[in-house]
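need coordinates for the below:
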Amino acid sequence: MLVRWHYRGYQRGRLRGAGQLLTNVAAYWCMFGIVGQVVTAVPAAIQRRPAQTLADAVPNVATWWVPEHPVAFGLVIGLGVLGFFLSITGKRLDRYLNA
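Next comes the predicted model:
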């Protein structure tokens with residue numbers, strides 16, 4: 001009972017919602033990165049030339065947020081895994097506080 005007193009300011013579902021948000025953002029971000037890779041790699045393969053960057057393919061669009069490098073994809077996947085674990089932890093915490 002004394003341990004639950006520390007969580008009295010905690011609003012149920014907030015941690016789980018933050019985890020789901022991070023997971024969804026990472027999933028969409030990864031999809032945009034894959035689409036960016038397709039936009040740059042497929043025309044280059046068809047024309048048998050080296051692939052260009054996404055910023056060169058669409059110069060009028062801000063593409064700084066689209067992951068193009070494997071390290072960036074790794075960071076995005078790590079963000080999704082963090083969101084997944086936050087969601088699970090929030091669910092466990094909600095169960096603990098409801099018991």
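
could you point out the longest helix in this protein?
Ranked by residue count and defined by DSSP state H, the top helix of the chain is helix 14-47.

and that helix, what does it pack onto?
helix 54-57, helix 70-98 (3 or more CB pairs under 8 Å, 6 or more residues apart in numbering; DSSP states H and E). Glycine gets a C-beta too; all of them are placed from N, C-alpha and C.

which one of the ones you listed lies closest to residue 14?
Among the helices and strands packed on helix 14-47, the nearest to residue 14 by CB to CB is helix 70-98 (7.3 Å).

who are the packing partners of that closest one?
Against helix 70-98 (3+ CB pairs under 8 Å, 6+ apart) you get helix 14-47.

what stretches of this protein score poorly on pLDDT?
Along the chain, the parts satisfying pLDDT under 70 run over 1-10.

for stretch 39-53, give me every contacting residue.
Contact with stretch 39-53 is made by 54, 56, 57, 58, 68, as judged by CB atoms under 8 Å, 6 or more residues apart in numbering.

same thing but 7 Å
With contact meaning CB atoms under 7 Å, 6 or more residues apart in numbering, stretch 39-53 is reached by 54, 57, 68.

top of those residues by neighbour count?
residue 54 (21 neighbours; other CB atoms under 10 Å).

wait, that one sits on residue 36?
Yes. Counting by CB atoms under 7 Å, residue 36 is a contact partner of residue 54 at 4.5 Å.

okay, and the common contacts of the two?
By the contact definition CB under 7 Å, 6+ apart, residue 54 and residue 36 are jointly contacted by 66, 68.

so who does residue 19 touch?
Applying CB under 7 Å, 6+ apart to residue 19 gives the contacts 83, 84, 86, 87, 90.

thanks again, I'm all set now.
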